[in-house]
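Enquirer: below is the sequence, then the predicted model.
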Amino acid sequence: MERTAREHIESVMDRRVDLTDALPANNGLDDVARTSYTYYMAPYDTQIIIGSADNNITIYLPPVVDAKGKLYSIYLVTRNSKIHTIDDYKDDSEGYVALTLDADDERVLMYSDGFAWYNVCNLGST
């Protein structure tokens, strides 16, 4: 089926992802409780919001070369005693050390130069 011009533009635009809505507390299964989730960012996932997540979340940044020249904002609204980790995709960024978000209203701004990830700003960490 052919896409309209608008559908094509929306498919390649930057987008905001709210992981609070995307990850159910028990993965939709009443008898299986998940304690952690993994989310792999796409190059166009430029804003990630973690609301009051019930589980630990590991977020993998997009491949560093695919994200060249882009900024990525990750915002932790309420941590709910959970720890959230931001890591690089398949260790493709030399020297990158995983970040941990563990404070309410904590946010990071990441930048890729195509070779490595840089933590431009980290607000709200304790």
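Expert: Perfect, thanks for sending it.

Enquirer: what's the spacing between Lys68 and Trp117?
Expert: Distance of Lys68 to Trp117, given as Cβ to Cβ, to the nearest Å: 11 Å. Just so you know, the C-beta spots here come from the backbone N, C-alpha and C atoms, and that holds for glycine as well.

Enquirer: more neighbours: which of the two?
Expert: Neighbours were counted for Lys68 and for Trp117 using other Cβ atoms under 10 Å; Trp117 has more, 25 against 13.

Enquirer: quickly list what the more buried one is bridged to.
Expert: When bridges are called by DSSP bridges, Trp117 pairs up with Ser112.

Enquirer: quick one, strands of this protein?
Expert: 15-18, 36-40, 45-52, 56-60, 71-78, 84-87, 99-101, 106-112, 117-123 (DSSP state E).

Enquirer: what about those strands, which gets the closest to Ser93?
Expert: Closest approach to Ser93 among the strands of the chain (Cβ to Cβ): strand 117-123, 4.4 Å.
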